[in-house]
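**Student:** Sequence below, structure please.
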Amino acid sequence: MNRILIKNAKIVNEGSIFDGDVLIENDLIVEVADSISLKTSDCIVIDAEGSFLMPGAIDDQVHFREPGLTHKGDIESESRAAIAGGITSFIEQPNTVPNAVTQEILEDKYQIAAEKSFANYSFMMGATNDNLEEVLKTNPKNVAGIKIFLGSSTGNMLVDNEATLERIFSSTPMLIAVHCEDETTIQNNLAEFKEKYGEDVPVTAHNLIRSAEACYLSSSKAVALAKKTGARLHIFHLSTAKEMELFTNKIPLEDKKITAEVCVHHLWFTDEDYKTKGNFIKWNPAVKTEHDRAELWKALNDGRIDVIATDHAPHTKEEKLQSYLKAPSGGPLVQHAVVAMFEAHHQGKISVEKIVEKMCHNPAKIFKIEKRGFVKEGYFADLVIVNPSLPWRVNSDNILYKCGWSPFENTTFKSRITHTFVNGELVYNNFKVKDIRAGKRLLFDR
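**Tutor:** Presented below is the predicted three-dimensional model:
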């Protein structure tokens with residue numbers, strides 16, 4: 001039997017922090033108590049004195065690039081980076097090559113992950129203008145949800161047929177996750193900037209091309225359609241102050257039919273950072289203004305935004321070093337997301353309890369993930385120990401992404417992850433990932 005006893009931890013769970021011990025047997029948490037006494041010969045003992053013990057983070061939006069784009073990243077490399085960053089479960093998006101828009105292609109991705117993934121995994125089924133029949137075959141018990149791109153992004157999965165959209169929203173009982181940007185607005189803005197600059201449009205125009213208006217137009221339509229059809233809608237990577245009026249904190253999360261997510265980069269960077277970071281912070285939707293960022297933080301803390309995710313989307317340095325119009329959007333984040341949020345905690349922007357709520361509990365609730373996202377007896381032992389007083393600097397030697405760079409390069413974080421457990425296996429320790437692929441397919445209680 002695999003038995004691990006974690007002693008003297010500051011356990012973070014369901015809105016409180018308490019001193020205690022946690023006992024793991026095989027893949028489950030079997031006891032959470034003020035103090036647990038066992039013979040040391042019966043188990044491995046880890047002293048977590050001075051550190052937080054939290055559930056493993058669940059990242060509901062990543063792009064791990066396999067199959068078809070593995071020069072940027074793959075399931076093995078990016079899931080290794082994820083567990084080093086305290087993310088023990090991920091939900092990956094369908095815009096790989098080929099796009100995951102049939103049940104056969106979707107299942108192929110699960111087979112790859114079963115062999116390669118260090119973290120627990122699920123994959124979104126992709127919707128297009130003409131694959132409704134395939135979408136409706138999706139099994140709600142073992143697939144996270146349906147993904148719709150309402151604005152073009154990496155890959156060519158734009159759904160712009162309104163009749164099709166309404167049919168998808170009306171027909172599927174599954175959670176529908178959407179990327180919201182209005183394509184017509186973006187193209188009109190782009191044409192204006194091309195008229196002014198030709199092919200030399202500066203990256204500082206990115207948030208003006210993929211504008212706040214483009215975001216709001218699209219997300220407000222999605223919300224209206226969900227209300228009309230009764231669909232279960234989850235809006236990915238919100239980036240603007242105006243969009244915050246679309247969401248409520250007046251009802252419990254469990255009763256919400258429409259939920260909202262923000263990504264780490266929209267909480268961290270602003271349009272001022274384009275001057276120094278350039279294409280390395282070029283994301284879709286774009287990083288917006290300081291006012292937008294402040295309103296995202298406000299909505300996150302007051303409950304209008306439910307989830308913090310990454311939209312981890314690696315590209316090579318060579319791709320990012322192209323001109324603005326040629327450089328792809330997206331960047332790698334899974335290794336640094338949790339510690340970035342702890343840094344925000346040190347800055348007084350968010351409590352540790354709220355980090356755990358938004359990165360662990362709420363993704364589990366929204367997607368109805370079975371037995372994950374909490375420090376509870378009978379739950380899978382996906383756990384992370386975070387030392388809040390162990391500063392370290394992000395550099396090329398400790399970046400684990402296959403692409404080899406991070407938008408946080410040269411940033412010093414005050415907190416560091418010291419241990420990560422996936423299904424009871426200690427997979428990350430002493431700042432090294434062990435060669436243990438402990439990830440399992442996520443299952444859903446629906």
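**Student:** what number of residues lie near residue 376?
**Tutor:** Neighbour count of residue 376, defined by other CB atoms under 10 Å: 15. No exception for glycine: its C-beta is placed from N, CA and C like everyone else's.
**Student:** and it, which of the three is it?
**Tutor:** coil (DSSP: H, G, I helix; E, B strand; the rest coil).
**Student:** Who are the contact partners of residue 319?
**Tutor:** Residues near residue 319 by CB atoms under 8 Å, 6 or more residues apart in numbering: 72, 327-328.
**Student:** Determine the three-state secondary structure at it.
**Tutor:** helix.
**Student:** can you list the weak-confidence ranges in this structure?
**Tutor:** 151-156 (pLDDT under 70).
**Student:** Just the buried residues of the longest helix seen in it, please?
**Tutor:** Counting residues, the longest helix found in the chain (DSSP state H) is helix 212-229. By neighbour count on 16 or more other CB atoms under 10 Å, the buried set for helix 212-229 is 212-223, 225-226, 229.
**Student:** Kindly report the same for stretch 435-442.
**Tutor:** Neighbour-count burial for stretch 435-442 flags 437-440, 442 (criterion: 16+ other CB under 10 Å).
**Student:** Which stretches in the stretch 201-350 of the chain count as strands?
**Tutor:** Per DSSP state E, counting those that start in this stretch, the stretch 201-350 of the chain carries strands over the ranges 233-235, 258-263, 307-309.
**Student:** Out of those strands, which is closest to residue 408?
**Tutor:** Residue 408 sits nearest to strand 258-263 of all those, at 13.6 Å, using CB to CB.
**Student:** Direction included, what does that closest one pair against?
**Tutor:** Using DSSP bridges, strand 258-263 pairs in its sheet with strand 233-235 (parallel), strand 307-309 (parallel).
**Student:** Let's have these in a markdown table, adding distance to residue 241 and mean neighbour count.
**Tutor:** A markdown table is the format used below for these (distance: least, CB to CB, whole Å; neighbours: other CB atoms under 10 Å):
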| stretch | distance to residue 241 | mean neighbour count |
| --- | --- | --- |
| strand 233-235 | 15 | 26 |
| strand 307-309 | 17 | 27 |
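**Student:** Quick one: those strands as CSV, columns for distance to residue 193 too.
**Tutor:** CSV is the format used below for these (distance: least, CB to CB, whole Å):
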stretch, distance to residue 193
strand 233-235, 26
strand 307-309, 29
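**Student:** how about those, which one is nearest residue 194?
**Tutor:** That would be strand 233-235 among the strands paired with strand 258-263, by CB to CB, at 29.2 Å.
**Student:** which residues sit against the one helix or strand residue 419 maps to?
**Tutor:** Element membership of residue 419 [criterion: DSSP states H and E] is strand 416-422. Residues from elsewhere that reach strand 416-422, judged by CB under 8 Å, 6+ apart: 4, 24, 46, 48, 51, 56, 83-86, 88, 118-120, 338-339, 381-387, 390-392, 426-431, 436, 438-439.
**Student:** re earlier: what's the farthest-apart pair in the buried residues of stretch 435-442?
**Tutor:** Greatest spatial distance in the buried residues of stretch 435-442: 437 and 442, 15.2 Å, computed using CB to CB.
**Student:** Shouldn't residue 38 be within a strand?
**Tutor:** No: Residue 38: not assigned to a strand; according to three-state DSSP it is coil.
**Student:** So what does the residue nearest to it when sequence neighbours are not counted have for phi and psi?
**Tutor:** Leaving aside its sequence neighbours, residue 38 sits nearest to residue 5 (CB to CB, 6 or more residues apart in numbering; 5.7 Å). Main-chain dihedrals, residue 5, degrees, to the nearest 10: phi -110, psi 120.
**Student:** So residue 5 sits against residue 20, correct?
**Tutor:** No: at 11.4 Å, residue 5 and residue 20 do not qualify as touching, with contact defined as CB atoms under 8 Å.
**Student:** PyMOL command to pick out the buried ones of the contacts of strand 416-422?
**Tutor:** Per 16+ other CB under 10 Å, the buried members of the contacts of strand 416-422 correspond to this PyMOL selection:
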select buried, resi 4+24+46+48+51+56+83+84+85+86+88+118+119+120+338+339+381+382+383+384+385+386+387+390+392+426+427+428+438+439
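**Student:** Name the member of the contacts of residue 319 with the most neighbours.
**Tutor:** Going by other CB under 10 Å, residue 72 tops the contacts of residue 319 with 24 neighbours.
**Student:** Quick check, that one in contact with residue 65.
**Tutor:** Yes: with contact defined as CB under 8 Å, residue 72 counts as touching residue 65 (4.6 Å).
**Student:** which neighbours do those two share?
**Tutor:** residue 314.
**Student:** Contact partners for the spatially closest residue to residue 333 that is not a sequence neighbour?
**Tutor:** Excluding the flanking residues, the one nearest residue 333 by CB to CB, 6+ apart is residue 310, at 3.9 Å. Shown in contact with residue 310 (CB under 8 Å, 6+ apart): 59, 61-62, 87, 263-265, 333-334, 337.
**Student:** So which of those are in helices?
**Tutor:** Those of those lying in helices (DSSP H): 264-265, 337.
**Student:** between these, which is nearest residue 200?
**Tutor:** Among the ones in helices among the contacts of residue 310, residue 265 lies closest to residue 200 (CB to CB), at 25.0 Å.
**Student:** What separation do you get for the closest one and residue 304?
**Tutor:** Per CB to CB, to the nearest Å, residue 265 is found 19 Å from residue 304.
**Student:** cool, and residue 96?
**Tutor:** 32 Å.
**Student:** Residue 288 now?
**Tutor:** On the measure of CB to CB, residue 288 and residue 304 end up 17 Å apart.
**Student:** Ok, residue 72 next?
**Tutor:** 33 Å.
**Student:** Please apply the same query to residue 440.
**Tutor:** Residue 440 sits 33 Å away from residue 304, taking CB to CB as the criterion.
**Student:** Could I get the full set of helices for the protein?
**Tutor:** For the chain, helices defined by DSSP H occupy the ranges 75-84, 103-116, 132-135, 162-171, 183-197, 206-209, 212-229, 264-268, 274-277, 290-302, 317-320, 337-346, 352-356, 362-367.
**Student:** just checking, which of those helices sits deepest inside the structure?
**Tutor:** Most buried of those by mean neighbour count (mean count of other CB atoms under 10 Å) is helix 75-84; its value is a mean of 28.
**Student:** In contact with the closest residue in space to residue 334 that isn't next to it in sequence, which residues?
**Tutor:** Once flanking residues are discounted, residue 334 sits nearest to residue 82: 4.2 Å by CB to CB, 6+ apart. Residue 82 sits next to 59, 62, 88, 90, 118-119, 312, 334-335 when contact means CB under 8 Å, 6+ apart.
**Student:** which one of these is nearest residue 164?
**Tutor:** Using CB to CB, residue 62 comes nearest to residue 164 of those, at 26.0 Å.
**Student:** Next, count neighbours for that closest one.
**Tutor:** 27.
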